[in-house]
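*Asks:* Sequence below, structure please.
(chains A and B)
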Amino acid sequence: MLRLMLVLVGVAMIVLAAAQGRAGRLSMGHAAAWFWVGLGALLLALVATLLEPVDAVLAYAGLLWAVGASIGFGMAHARAQTRLDERVKSLAQEIALLKGGAEQARGPSPGAEAAGGTDDRGRRSG
Amino acid sequence: MAADTLIMIPAFNEARRLAEVLTAIGRVAPEADVLVVDDGSGDGTAEVARGQGVNVVVHPFNLGYGAALQTGYRFAERAGYRHLIQLDADGQHDPASIATVLVPLAAGADLVLGSRFRSAESYSPPWTRRIGIRLFSRLASLAVGQRLTDVTTGFQGLSPALVRLHAESRSFPADYPDANMIVRAARAGLVIQEVPVAMRANPEGGTLHVGLRPVLYVLKMLLAVLLEASRFRRSRRG
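*Replies:* I've put the predicted structure just below:
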């Protein structure tokens, strides 16, 4: 029964990782975490079938798998969140710089000015 | 004061004291360009800055002190300034020390740290903060192989090389870029120097570090410094 559950969970997670990842509803980090967790469940079922360990060993292995899966999910989530935060920050900075006229803040280089260029910098006037 | 110097001030809800800071900067550095990065203030900080005729860049919402600094670096990089001086908007940093920071920068230093502990004119922070600053200064000194006394200072001078490094960084911290960024500069092979600057105590006692933030800050900064330092050691060996 436990083995069957592990196989079902494993297959479901791998299929979901592929489908959701392909559809762009999961970040690559999350999809990879789902895939490895699913593969872990299948490997656990395989070990249980081949070696037929006592229930206690299988239970410990299951626990280990669950802990590993949680850590994997946590790390994937943190990584995806960090990437998203960085993207939001970067976009907000770009908007601010564009609205603030960063491109026009300074005109010609000091060299060009020395050669007689105009100075259209955003100098302080106060 | 050279015209290719940008004085950058990150500001968040500093409308009440910003005008005084900008006026003081205008007195000591009339030739320099000034940029205020308003980090999504709700008290009219940007309007005060515009009223003083300086460049103003406004974040659409509050992004954090580090993000405000990085916006300033991006501005400076695009405009091609030769020197960048950054100081806080709350009036703690005396603009009269700008010239002191600029001297080593003009002589070729990439990062000039304005240290309150090297100046007799500076205030002495509370003992809890002093311990934190000393701890991180020791750690950073060990990591970069050079004695530094005030690695949490916001009064800094940066060369174009360092401005580019920070402006293009995808991992520049949005919250606390302190000792870890100094280690990063050293890792990039940049020259770091420290000079004495005058710092006043914040008259309203305001600081970034309130509530549980100091604890979070210490943990996060410890981790960040150790991470940067370990990368530093690896790159040195490589």
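*Asks:* and stretch B:38-58, how far apart are its ends?
*Replies:* Stretch B:38-58 has an end-to-end distance of 5 Å (Cα to Cα, to the nearest Å).
*Asks:* Up against chain A, what does chain B have?
*Replies:* Residues of chain B lying close to chain A (Cβ under 8 Å from any Cβ of the partner chain) are B:3-4, B:22-23, B:25-26, B:30, B:32-35, B:37, B:51-61, B:63, B:67, B:70-71, B:74-75, B:78-82, B:170-171, B:174. In this view, the C-beta of every residue, glycine as well, is placed from N, C-alpha and C.
*Asks:* So which of those belong to helices?
*Replies:* B:22-23, B:25-26, B:51, B:67, B:70-71, B:74-75, B:78-79 (DSSP state H).
*Asks:* returning to that earlier point: quick one, which of the residues of chain B next to chain A are buried?
*Replies:* B:3-4, B:22, B:25-26, B:32-35, B:37, B:52, B:54-59, B:63, B:67, B:70-71, B:74-75, B:79, B:81-82, B:174 (16 or more other Cβ atoms under 10 Å in any protein chain shown).
*Asks:* Do you have the helices of chain A handy? List them.
*Replies:* Under the criterion DSSP H, helices of chain A are mapped to A:2-23, A:28-51, A:55-99, A:110-114.
*Asks:* Format the ones you listed as CSV; extra columns: mean pLDDT, distance to chain B and mean neighbour count.
*Replies:* Shown next, in CSV, are the helices of chain A (pLDDT from 0 to 100; distance: least, Cβ to the nearest Cβ, whole Å; neighbours: other Cβ atoms under 10 Å in any protein chain shown):
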stretch, mean pLDDT, distance to chain B, mean neighbour count
helix A:2-23, 87, 23, 15
helix A:28-51, 84, 15, 18
helix A:55-99, 84, 5, 15
helix A:110-114, 39, 5, 12
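*Asks:* Which one of those lies nearest to B:Leu226?
*Replies:* Closest to B:Leu226 of the helices of chain A is helix A:55-99 (Cβ to Cβ; 18.1 Å).
*Asks:* any idea which residue sits dead centre in the chain?
*Replies:* All of this refers to chain A. A:Ala80 (2.7 Å; Cα atoms, centre = their mean).
*Asks:* wrong chain, I was asking about chain B
*Replies:* Geometric middle of chain B (Cα atoms, centre = their mean) lands on B:Gly154, at 3.2 Å.
*Asks:* May I ask you to confirm that that one belongs to a strand?
*Replies:* No. Using DSSP: H, G, I helix; E, B strand; the rest coil, the assignment for B:Gly154 is coil, not a strand.
*Asks:* Just give the closest residue to it, not the sequence neighbours.
*Replies:* Excluding the flanking residues, the one nearest B:Gly154 by Cβ to Cβ, 6 or more residues apart in numbering or on different chains is B:Asp88, at 4.7 Å.
*Asks:* gap between that neighbour and A:Leu51?
*Replies:* Taking Cβ to Cβ, to the nearest Å as the measure, B:Asp88 falls 64 Å from A:Leu51.
*Asks:* Okay, and the beta partners of B:Glu194?
*Replies:* Applying DSSP bridges to B:Glu194 gives these bridge partners: B:Leu113.
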